[in-house]
Structures are given as structure tokens and as C-alpha cells.
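Trainee: Sequence plus the predicted model coming up.
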Amino acid sequence: MSETKSALWIAHVKVLDAEAYGKYAALAGPAIASHGGVFLARGGRYVQLEGNDRPRNVVARFPSLEVAVACYKSDAYQAALAHARGASERDLMVVEEA
């Protein structure tokens, strides 16, 4: 029997419109939590060592990669995301933990 691995949702964000992005964050948190997502990092201190610098970095752990993707595709998260579009530059990925 194979073990289900947890997954990390990793977002690197440059906020362009703080008011609109705040609306996104207020709605995204509950949508993520409703899918078992737990925030490990949310906008804390960081050191950019390589690549593009995006000053807001968020990491959330989900029960599985599939659950994280389902969260992203959910109506609740997509409603939140509508506020982030145009209000931010974002890179978002989900990676399965080792």
C-alpha cells in the first residue's frame, strides 16, 4: 500500500495593490484551511539567494498534491484569486514532499 505524501503550496508574490490583495488574502486563508492547508510561512523574513525577488513568500502544507490542486481549482479559492489578479505578480507551485 502506497503512502500519501503531503505537499507544499509555494507562492512568491509582488503585491501591486495592497487593498485588493488584502481582499484576496482574507478569502484565500479560509479556502486553504477548508482543504486541510496549514500555513508554514506567510510573508515572514527571507533572504533572496537566486532568481526573481518577490517580497511576499507563502508556504502552506496540504495532505496531498491532489488536495492542494483541488483547493486551487475550488470555487472559494477562485473567488479569492479574482482579487489577486492585477493586484500582484505571482508564481505559484505545488510540490510533493519527500
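Mentor: Nice, I can see it. Here the structure is a predicted model, which means the values were calculated and not measured. Residues are numbered from 1 along each chain as shown.
Trainee: Quick check: mean pLDDT of the strand or helix carrying residue 10?
Mentor: Using DSSP states H and E, residue 10 maps to strand 7-15. For strand 7-15, the mean per-residue pLDDT is 97.
Trainee: The longest helix along the chain vs strand 7-15, what angle?
Mentor: Longest helix in the chain, counting residues (DSSP state H): helix 18-34. In terms of direction (axes from the mean of the first three to the mean of the last three CA atoms, to 10 degrees), helix 18-34 departs from strand 7-15 by 170 degrees.
Trainee: Contacts for helix 18-34, please.
Mentor: Identification of contacts with helix 18-34 by CB atoms under 8 Å, 6 or more residues apart in numbering yields 9, 13, 15, 39, 60, 71, 74, 76-77, 79-84, 86-88. In this view, the C-beta of every residue, glycine as well, is placed from N, C-alpha and C.
Trainee: Among these, which ones are in strands?
Mentor: Those of those mapping onto strands are 9, 13, 15, 39, 60, 88, per DSSP state E.
Trainee: how about the residues you listed in TSV, adding neighbour count and distance to residue 98?
Mentor: Shown next, in TSV, are these (neighbours: other CB atoms under 10 Å; distance: CB to CB, whole Å):
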residue	neighbour count	distance to residue 98
9	24	16
13	21	25
15	20	31
39	14	20
60	24	17
88	20	29
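Trainee: pretty sure residue 93 contacts residue 59?
Mentor: No - when contacts are counted by CB atoms under 8 Å, residue 93 is not listed as touching residue 59 (10.6 Å).
Trainee: hey, what's in contact with both of the two?
Mentor: 9, 10.
Trainee: more crowded one of the two?
Mentor: Ranked by neighbour count (other CB atoms under 10 Å), residue 93 and residue 59 place residue 59 first, with 14 against 11.
Trainee: tell me the contacts of that one?
Mentor: Residue 59 sits next to 8, 9, 10, 11, 39, 40, 41, 42 when contact means CB under 8 Å, 6+ apart.
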